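Chemist: got a predicted model here, sequence first, then my questions.
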Amino acid sequence: MKKTVHVSQTYPRLTVYAEEAYRGRSRVYRGNTGLRNLDYILGGVESLRFFSTSSNATLVVFTRPNFQGGFRVFRGNTNLRDLDDLIRGNDVESLISTNQRLTLEEIREIRRNRTLPSGYDLV
């Protein structure tokens, strides 16, 4: 008898790893989430996998904690095996993952105010 598997289309899944190439300790986050300081999670995040069934899914990585500094936007499923020097030679220090399509203006507003939209979990 086959098991039925249900994949949630409501929430994305973000898996972060303590070492490059998806190795070491890991932690999974579900839902619209902002990780404000990757150095405090697992002693530092070095790689990640972002999965969503939504074509609107957005992953935004920032060069500084609290959604500050330069940023890079990824749409849809994303695997980043090494977060070092990812953004113009800078490491990733904070990030946002969501099933919503965040526009550049919305991302700049988050960076300006250092606050996430309603309905996001802040870690």
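Modeler: Nice, thanks for sending it over. Residues are numbered from 1 along each chain as shown.

Chemist: quick one: R111 from S94, how far?
Modeler: According to CB to CB, to the nearest Å, R111 stands 10 Å off from S94. All C-beta spots, glycine's among them, are computed from the backbone N, C-alpha and C.

Chemist: the protein: helices as residue ranges?
Modeler: 104-113 (DSSP state H).

Chemist: any weak-confidence spans in it?
Modeler: Residue ranges of the chain with pLDDT under 70: 1-10.

Chemist: mind doing that once more with 50?
Modeler: Across the chain, the ranges flagged by pLDDT under 50 are 1-8.

Chemist: give me the common contacts of R111 and S94.
Modeler: Common contact partners of R111 and S94 (CB atoms under 8 Å, 6 or more residues apart in numbering): F62, F67, Q68.

Chemist: about what we covered before: compare R111 and S94 and say which one has the larger neighbour count.
Modeler: Legend: neighbour count by other CB atoms under 10 Å for R111 and S94, higher for S94 (25 against 19).

Chemist: contacting residues for that one?
Modeler: G34, L35, R36, N37, L38, V61, F62, R64, P65, N66, F67, Q68.

Chemist: same check on R36?
Modeler: Neighbours of R36 in contact, by CB under 8 Å, 6+ apart: P65, N66, F67, S94, L122, V123.

Chemist: quickly name whichever of the residues you listed is closest to L80.
Modeler: Taking CB to CB as the measure, L80 lies nearest S94 of the contacts of R36, at 13.9 Å.
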